[in-house]
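Student: Attaching a predicted model along with its sequence, questions to come.
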Amino acid sequence: MGMFSAFNSARTVITLFHSPTSSASRRILQCLKQHESSVSNRLYDLDVTEGVPTRDQLKTILKYAGETKVSSIVPGATSYTEATAILEGGEKNILRPMVIDWSNGKAILGDDEPAVKKLLSTLEK
């Protein structure tokens, strides 16, 4: 392994919390895939998951989106503590789609396609 190969692995990861049964979520996935195929030099890795965020992921998402968004991410929760309790209780009902850019600290909640396109265009610079 060369000295610089470690830099190549430090690519931005974009996670889509996805629900195949949600037309909004399918539309955002389509938007991400179209962008992925239209760019010759992809500067990010797309991670599509149907699972719920881990505790750490949820904490980070709330940091990016703002604590006030907790009830829109996890229905019924009014705090991070309540949200984790709900998710750890086996609840799978989280907001989907959610697009998270872990490297640049951005969270797009719901099917805001213009915001997703804007986020992707900033990655090309």
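Tutor: Noted; the coordinates are in hand.
Student: give the contact list for the nearest residue to Ser103 once chain neighbours are set aside.
Tutor: Distance criterion CB to CB, 6 or more residues apart in numbering; nearest residue to Ser103, sequence neighbours excluded, is Thr12 at 4.1 Å. (C-beta placed from N, C-alpha, C; glycine too.) By CB atoms under 8 Å, 6 or more residues apart in numbering, the residues touching Thr12 are 43-45, 101-104, 123.
Student: make it 10 Å
Tutor: Applying CB atoms under 10 Å, 6 or more residues apart in numbering to Thr12 gives the contacts 42-46, 101-104, 123.
Student: Tell me, how many residues neighbour the nearest residue to Glu113 once chain neighbours are set aside?
Tutor: Spatial nearest neighbour of Glu113, excluding adjacent residues (CB to CB, 6+ apart): Cys31 at 5.5 Å. Other residues lying near Cys31 total 19 when counted by other CB atoms under 10 Å.
Student: if I pick Cys31, what's in contact with it?
Tutor: 16, 97, 99, 111, 113-114, 116-117, 120.
Student: What distance separates the opening and closing residues of stretch 37-44?
Tutor: Terminal residues of stretch 37-44 are spaced 12 Å apart (CA to CA, to the nearest Å).
Student: For it, which residues meet the burial criterion?
Tutor: Across stretch 37-44, burial judged by 16 or more other CB atoms under 10 Å covers Tyr44.
Student: again with stretch 89-101
Tutor: 94-101.
Student: what's the answer for stretch 74-88, then?
Tutor: Residues 74, 77, 80, 83-84, 86-87 are the ones in stretch 74-88 that count as buried (16+ other CB under 10 Å).
Student: what's the answer for stretch 110-120, then?
Tutor: Within stretch 110-120, judged by 16+ other CB under 10 Å, the buried ones are 110-111, 113, 115-116, 119-120.
Student: Endpoint to endpoint, stretch 11-30 covers what distance?
Tutor: 21 Å.
Student: got it, and stretch 75-83?
Tutor: For stretch 75-83, the end-to-end distance is 8 Å (CA to CA).
Student: Correct me if wrong: Pro75 contacts Asn93.
Tutor: Yes. At 6.0 Å, Pro75 and Asn93 qualify as touching, with contact defined as CB atoms under 10 Å.
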